[in-house]
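Visitor: quick one: sequence plus predicted model below, questions after.
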Amino acid sequence: MQELIRIITMLNYTHIAEQSVNRKRSWRILVFALILLFCPSLSFAYLFQDEERGTSLSIFGIGGIMRLNYAWVDGDDALYEDSDDGFREGFDHREFLSLTASGILFRDYTLDGEVHYNQDDDPDWNFFAKLARDESYLMFGDQPNIFEEPYFTRYTLPFRGLTLHVETDHIGVTTFGAITRGAVSKEEITPDGTSGPYRLSKIPVVPGSDIVTIEIRNQNDSNQVLEMRPQTRNVDYTIDYDTGEITFSQPIDSETFGGDRVVIVVIYRDEEESSSFKTAILGSRLTVSPTDWGTLGVTYVSEFEREPSLSDGFERRQEIYGIDTALKIGDMWRLTTEYAFSQQQTVNGDSPDPSQSVLAKLDGKVGEQVDIHGKYQRVEREFLTFANPDIDTNEQELELVGIYAYRPDHSVKIGYSFLQDNLPQESEEPTTTTHRPYIAWDARVRERTQLFSKYEYIQKTDDWHPEETDDQTHSLLFGGIQEFSTVPVLKKLSVRGEYQVNDFEDKTDQEADTLTHLFGLRATTEPAREIIAYAEQRERLIHDKDLKENTERQDISEFGLELNRWQRFSAQSKYQYRAVHDLLHDEQESERHTVILGAKYQPFDVVTTSGKLELRDETVFASAAAEREESSSRSLNTEARLAYTPKKDLTFRIKYEYDYEEDRLEAANKTREDETEFRFNYAFDKRKTRLTGIIKIERDLLEAPPTPKTKTRTTTYLANAARQLTDRWDILAQYKREMVELSADNTREDILAEIGCKLGRFITFAGGYQHSRFQDNDEPENDYTANSVYLKLIGKL
């Protein structure tokens, strides 16, 4: 344990004195560049080889950039320093480093690593290295997670530290010591039918810490998750860590066709209060596999604050101990178990009693026709979830499922689940118990006919007298899918129909007893090759059994079209109308219109276009009888892109993005943002001459009465030209002008000229001059004119 604490101390060393660290970083990059310059062994295809020792290591990337700058400023030097591309007056420096390494050391060891440094990033250093032999490895740097096999001691969030893993045929040992940033947050977001953006409440978000999942929850019991769909960053969604905005690649509806709720669950670390590496973590895991059919694992993980000192923080640590097993029983069965307990240590030794958790899973088959699944999980109220924030505490759950495939494409599914809270039991709180037995049938009775049905019973009670919770729900679903291969005009046609009735009764009379009818009908057709159209209608009717009246009706209509033609054109469109009617007061409660359009088109090999449009208009109508206030909002998101590449090394790009949000109340709140960008890239004369031109226009409008309206337009012009004069010499010239108008009125111009000389294969020295001028017509005291000369040392691999 002391050794791991020393590791944490070593990791923290670079944060002790910022000024000293900056000087050391500059020298590190300089030393690295000199090594590249004077070591001839690195001069062949960026590859270091030593056949005698069995070493082959390739290094590639931008080795490093160090700029030594001298600036003199006439005007507001502080504003110049804080601006983009600004420097301190007098001598200053800036560094950048990006490297990736991969290879073999001493015949038996593989090395993979990367390092990135940028003064403008937080943290400025990001690095990772892994030295491995067979299944054993040593990792140092930024890592995404650790201990993926267990559930309660799985550490799911990113950290920076040292990990050692040693593995033989039957034994594996993993230990790590690390530091991490920010505080853990978990949010649930209800989608509105669009792809976003959806905003997190705490920002900024620690980069790489986001875990996004789409959950489908039972409409009759929000505690039951029917399905989980993990989302992949930069594939299923993108995230802006500074603003906390998440945008999905596809629209997310608020409920399924069958009426179950859809929820976006996001787990992340935020830096709302602090961005420093203030938390330390330690952990170890031992796995033993004496046979092919059995594995035993023991895990320890702890977390504590590094202040006022590591030793003081360690005395107040949170920790979790866990043991898990995995057994293969014959060829058909697999049993996994896990037990863990957690505790919060205190300095005076008066620590609270440990909290416990248990997990057991059984999966297998009986013959060829029966599948069995069983799961039991129990997590006490105070169990610590710092390692895995996805754990739901204060509940125990039992789930049993059996599937009997009595004929091909015919099956019966029988299940039972049990959920109970108040663990360990406290007399001041009621213990709520939920029972959920169900049976489902699914069969393809003919080649093109499928039928299905399901009955579910949900009962919730507590142990208080009189009871605070005592309700039950009977749910019956039946439906079918019929496919038609030859239909006039429509050709291929598939029709899906469902009817579900939910009978809810609250014996405590706190909620109304209701009978809910759900109807769903969806028709999908393929009238022509590569054209798919669909239409669906969903109705939900709620009947109050106490009042003996229908009280609410929900109406959802949706139409869509998907088109894929000639392998060059694809388009998707959807319109959805959702309305809620208050039948008790004979009035409409709310309505929402959603329009989704998207297309990609490549008319020629040299032209590619794409675009999307998402419109959402939602209104809640005021009602004095229902004591409901009016609200109305509208959002519009559009994006269009065009790329034209008439020949190699010549590209024209146009991009347009528009975001609009409006809160249409008496005092209208509006937010409008749009961005238009024209980009030109051209390289000729065997790429010795390279030209780049960019025009970007950004407009922002904010109306939030009674505050004054804010409206700005920012126009940026950039022209860049580079020429390789000889094998060693090159020149660069750049002009940039940024104008901010309307609510603000200022202009900034930057002119840069640079000449570079290549020394050896990897090193380039460059010298240049930069002129910057800022003019603020609203506040002239902010004006400045800055001139700077600089030297740059560039290492490229």
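Guide: Perfect, thanks for sending it.
Visitor: tell me which strands whichever strand in the chain runs longest pairs with, and in which orientation.
Guide: Secondary structure of the chain per DSSP state E: the longest strand is strand 55-75. Strand 55-75 pairs in its sheet with strand 47-50 (antiparallel), strand 90-105 (antiparallel), strand 784-796 (antiparallel), by DSSP bridges.
Visitor: so for residue 570, which of those strands sits nearest?
Guide: Across these, residue 570 has its closest neighbour in strand 90-105 (35.0 Å, CB to CB). All C-beta spots, glycine's among them, are computed from the backbone N, C-alpha and C.
Visitor: how far is the helix or strand following the closest one from where the chain is centred?
Guide: Using DSSP states H and E, the helix or strand that follows strand 90-105 in sequence is strand 109-118. Counting by CA atoms, centre = their mean, to the nearest Å, strand 109-118 is centred 24 Å from the centre of its parent chain.
Visitor: contacts for strand 109-118?
Guide: With contacts defined as CB atoms under 8 Å, 6 or more residues apart in numbering, strand 109-118 is touched by 25, 29, 57, 61, 64, 95-105, 124-133, 141.
Visitor: now, of the residues you listed, which are buried?
Guide: By neighbour count, with 16 or more other CB atoms under 10 Å, those hold 25, 29, 57, 61, 64, 95-99, 101, 103, 105, 124-128, 130, 141 as buried.
Visitor: in the chain, which helix or strand is least confident?
Guide: Ranked by mean pLDDT, DSSP states H and E, the weakest helix or strand in the chain is helix 2-12, scoring a mean of 40.
Visitor: show me where pLDDT drops low in the stretch 301-450 of the chain?
Guide: Within the stretch 301-450 of the chain, the ranges that satisfy pLDDT under 70 run 349.
Visitor: I should have written the chain there, sorry.
Guide: Within the chain, the segments meeting pLDDT under 70 span 1-46, 61-63, 122, 272-275, 349, 666-668, 706, 796-797.
Visitor: can you give me the helices in it?
Guide: For the chain, the helices defined by DSSP state H cover 2-12, 18-38, 77-82, 310-315.
Visitor: measure residue 543 to residue 651 for me?
Guide: The gap separating residue 543 from residue 651 is 62 Å, by CB to CB, to the nearest Å.
Visitor: pick out whichever of those two has more residues nearby.
Guide: More crowded of residue 543 and residue 651, by other CB atoms under 10 Å: residue 543, with 19 against 16.
Visitor: that one contacts residue 513, correct?
Guide: No: Residue 543 lies out of contact with residue 513 (CB atoms under 8 Å); the separation is 9.4 Å.
Visitor: show me the beta-bridge partners of residue 663.
Guide: With DSSP bridges applied, residue 663 shows beta-bridge pairing to residue 633, residue 669.
Visitor: count the residues that sit near it.
Guide: 15.
Visitor: now the one 10 residues further on
Guide: Other residues near residue 673 come to 15 when the count uses other CB under 10 Å.
Visitor: could you find the closest non-adjacent residue to it?
Guide: Residue nearest to residue 673 in three dimensions, not counting chain neighbours: residue 659, with 4.7 Å by CB to CB, 6 or more residues apart in numbering.
Visitor: so which of the strands paired with strand 55-75 gets nearest residue 392?
Guide: Judged by CB to CB, the one of the strands paired with strand 55-75 that comes nearest to residue 392 is strand 90-105, at 39.7 Å.
Visitor: distance from that closest one to the middle of the chain?
Guide: 28 Å.
Visitor: tilt between it and strand 109-118?
Guide: Put simply, strand 90-105 runs at 160 degrees to strand 109-118, going by axes from the mean of the first three to the mean of the last three CA atoms, to 10 degrees.
Visitor: got a list of what the closest residue to residue 674 other than its chain neighbours touches?
Guide: Among residues not flanking residue 674 along the chain, residue 658 sits closest, at 4.3 Å (CB to CB, 6+ apart). Shown in contact with residue 658 (CB under 8 Å, 6+ apart): 636, 637, 638, 639, 672, 673, 674, 675.
Visitor: I'd like those as CSV, with distance to residue 247 appended.
Guide: CSV is the format used below for those (distance: CB to CB, whole Å):
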residue, distance to residue 247
636, 14
637, 9
638, 13
639, 10
672, 18
673, 14
674, 16
675, 14
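Visitor: strands - which of those land there?
Guide: 636, 637, 638, 639, 672, 673, 674, 675.
Visitor: beta partners of the nearest residue to the fifth one once chain neighbours are set aside?
Guide: This means residue 672. Excluding its sequence neighbours, the residue lying closest to residue 672 (CB to CB, 6+ apart) is residue 701, at 4.0 Å. Beta-bridge pairing of residue 701 under DSSP bridges involves residue 672, residue 711.
Visitor: hang on, isn't residue 701 packed against residue 662?
Guide: No: the criterion here is CB under 8 Å, and residue 701 misses it with residue 662 at 10.6 Å.
Visitor: can you tell me what sits against stretch 550-563?
Guide: The list of residues contacting stretch 550-563 from outside it, by CB under 8 Å, 6+ apart, reads 512, 514, 530-544, 569-584, 589.
Visitor: buried residues, that stretch. List them.
Guide: By neighbour count with 16+ other CB under 10 Å, stretch 550-563 contains the buried residues 551, 552, 553, 554, 555, 556, 558, 560, 562.
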